[in-house]
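Undergrad: Fold the following for me, if possible:
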Amino acid sequence: MQTTLKAPIRFSGVGLHSGKPANMVVRPADANHGVSFRRTDINIGNTVIPARWDAVTPSQLCTLLRNDAGVEVSTVEHIMAALAGCGVHNALIEVDGPEVPILDGSSALFVQAILREGLIQQGIPVMAIEILQPVEVADGLSVARLEPSENLEIEFGIDFADAAIGQQRKRLDMANGSFVRELCDSRTFCRQSDVDAMRANGLALGGTLENAVVVDGEKILSPGGFRHEDEAVRHKMLDAVGDLALAGAPILGRYVGERSGHAMTNKLLRALFANPAAYRIVTCDSEISRKLPGSGVRAADLPAWAA
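TA: The predicted structure is shown next:
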């Protein structure tokens, strides 16, 4: 069954790129509402932005949504991943500025709050997107692909010159709380040279060594180092969960990303929905529902530090 939050949840922090204070409230929403954002700092015109693949607009380093009136909200991928990974189907997210707060650079604090508050079932079946045939997009060495599978699986490969990251690869079946156990606490990462370049261009002004893992060659500059030896590829998988959630319904299929990112995943969704033969919409019975990412998630699935 579709679910929503029992009560509103509030978050405060800073925007990753602006460095300005950012406050957000995730509110319950009616069945079949889906997920949407609302800019509370704008008082004129349409301030609601649908959390959908066709509202994504090109941006640097994050996922940015824009409605038909030009109202925007960016860095939505971590809260979208948290909602999908906890099985929240309907929510209205109010933000008092153009960015979702970055918090610790992962989804863990969002997940922690969602599981603490709890969910309610809404008596309406979940509809899912079943992948019927492979769909692939590529741009140079970057590739993103969806293939048929009984439930959501994610496989990701990355290759960075910095020895602190290097080549990493991971594959996960996302059923039965895997997102919460394996991915939710993996933070965004970047190279020191990228940080310097971004700040020179007015970006990443809210980035710190506390909300991102910064590396420089073999060195890990962030205190405490990585939370997981392969935290970098895990974070790429977290981003993919959030970006795939913009499909508007859970995906029953296998996602493969090779040096992929936000833009490639959105390009993949656009290719999928441009080919009606590649998918169908199905009603989730109890058997299918048990395989969805948020099914059976418990607070005990959280990493020990965030529990």
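Undergrad: which residues of the chain score low on pLDDT?
TA: Residue ranges of the chain with pLDDT under 70: 198, 202-207, 306-307.
Undergrad: let's see 80
TA: The model of the chain has pLDDT under 80 over residues 17, 59-61, 191-211, 304-307.
Undergrad: Tell me which residue is most central in it.
TA: residue 242 (2.1 Å; C-alpha atoms, centre = their mean).
Undergrad: Name the next helix or strand downstream of whatever helix or strand that residue lives in, please.
TA: Take DSSP states H and E as the rule and residue 242 turns out to sit in helix 231-244. Downstream of helix 231-244, the first helix or strand assigned by DSSP H and E is strand 251-258.
Undergrad: picking up where we left off before, who's in contact with the residue nearest to the centre of the chain?
TA: 63, 76-82, 84, 107 (C-beta atoms under 8 Å, 6 or more residues apart in numbering). From N, CA and C alone the C-beta is placed, and that goes for glycine too.
Undergrad: Among these, which one sits closest to residue 46?
TA: Ranked by distance to residue 46 (C-beta to C-beta), the contacts of residue 242 are led by residue 76 at 17.4 Å.
Undergrad: you'd agree that closest one is up against residue 35?
TA: No. Counting by C-beta atoms under 8 Å, residue 76 does not reach residue 35; the two are 9.1 Å apart.
Undergrad: Identify the contacts common to those two.
TA: Once C-beta under 8 Å, 6+ apart is applied, the residues that residue 76 and residue 35 both contact turn out to be residue 51.
Undergrad: what about these two, which has more around it?
TA: residue 76 (27 against 24; other C-beta atoms under 10 Å).
Undergrad: rewinding a little: please tell me how far the residue nearest to the centre of the chain sits from residue 136.
TA: Look at residue 242 and residue 136: by C-beta to C-beta, to the nearest Å, they are 20 Å apart.
Undergrad: try residue 3
TA: Residue 3 is 32 Å from residue 136, by C-beta to C-beta.
Undergrad: Out of the two, name the residue with the larger neighbour count.
TA: residue 3 (22 against 12).
Undergrad: Give the bridge partners for the more buried one, please.
TA: Using DSSP bridges, the beta-bridge partners of residue 3 come out as residue 121.
Undergrad: How about residue 22?
TA: Applying DSSP bridges, one finds that residue 22 bridges with residue 13.
Undergrad: Use 338 as the first number for this chain going forward.
TA: From this message on, residue numbering opens at 338, which makes the last subject residue 359.
Undergrad: How is this protein divided into domains?
TA: 340-458, 464-635 (automatic domain parsing).
Undergrad: Would you format these as a markdown table with distance to residue 641 included?
TA: Formatted as a markdown table, these follow (distance: least, C-beta to C-beta, whole Å):
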| stretch | distance to residue 641 |
| --- | --- |
| domain 340-458 | 11 |
| domain 464-635 | 10 |
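Undergrad: out of those, which comes closest to residue 642?
TA: domain 464-635 (7.3 Å).
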